[in-house]
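S.K.: I'll drop the sequence and a predicted model, then ask my questions.
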Amino acid sequence: QVQLVESGGGLVQPGGSLRLSCASSGRMFSISTMDWYRQAPGKERELVARITSGKTTIYADSVKGRFTISRDNAKNTGYLQMNSLKPEDTAVYYCHAFVGTGTFYAYWGQGTQVTVSS
């Protein structure tokens, strides 16, 4: 059974940094595309960043130049480095990934709270 376990959220002051991690519990499985989404109170969930199996990346315009998505395929783990954080980055951040061997299925992490406030 596959689980995506997130860590690294917390409270940070504006201008600060956080690094989120998303680890897949299924060591025998591979991850193809991995995404980070976020959902702020009263808003829809939005795509923040995506990284493919070939490490091609895309970013939401609101985080370009501040956030970096990466992955360690040997560890089946993805990361979201968030720098120059702003109050509007406050949200629950979710990891989403396609995991499998021949056929890939979509999984969501449980979410981790990021709060940017002074």
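M.R.: All right, it came through fine. Numbering: from 1, shown residues only.

S.K.: hey, let's count contacts and neighbours off CA atoms from now on
M.R.: OK.

S.K.: could you pull out the strands in the chain for me?
M.R.: Secondary structure of the chain, counting by DSSP state E: strands at 4-7, 10-12, 18-24, 30-39, 46-51, 57-59, 67-72, 77-82, 91-100, 104-108, 112-116.

S.K.: the fourth one pairs with which strands?
M.R.: Neighbouring strands of strand 30-39 in its sheet, by DSSP bridges, are strand 46-51 (antiparallel), strand 91-100 (antiparallel).

S.K.: one more: the last one?
M.R.: Strand pairing for strand 112-116, using DSSP bridges, gives strand 10-12 (parallel), strand 91-100 (antiparallel).

S.K.: hang on, isn't Ala60 packed against Leu47?
M.R.: Yes. Contact status for Ala60 versus Leu47: in contact at 6.7 Å, counting by CA atoms under 8 Å.

S.K.: any chance of CSV for the strands of the chain, columns mean neighbour count?
M.R.: Listed next are these as CSV, based on neighbours: other CA atoms under 10 Å:
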stretch, mean neighbour count
strand 4-7, 20
strand 10-12, 16
strand 18-24, 21
strand 30-39, 22
strand 46-51, 20
strand 57-59, 17
strand 67-72, 19
strand 77-82, 21
strand 91-100, 22
strand 104-108, 16
strand 112-116, 20
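
S.K.: okay if I get those as a markdown table plus mean pLDDT?
M.R.: Below are the strands of the chain laid out as a markdown table (pLDDT from 0 to 100):
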| stretch | mean pLDDT |
| --- | --- |
| strand 4-7 | 94 |
| strand 10-12 | 98 |
| strand 18-24 | 95 |
| strand 30-39 | 95 |
| strand 46-51 | 98 |
| strand 57-59 | 98 |
| strand 67-72 | 96 |
| strand 77-82 | 96 |
| strand 91-100 | 95 |
| strand 104-108 | 94 |
| strand 112-116 | 98 |
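
S.K.: residues in contact with the closest residue to Asp89 other than its chain neighbours?
M.R.: The shortest distance from Asp89 to any non-neighbouring residue, by CA to CA, 6 or more residues apart in numbering, is to Val116 (6.7 Å). Neighbour list for Val116: Leu11, Val12, Gln13, Pro14, Leu85, Lys86, Pro87, Glu88, Asp89, Thr90 [criterion: CA atoms under 8 Å, 6 or more residues apart in numbering].
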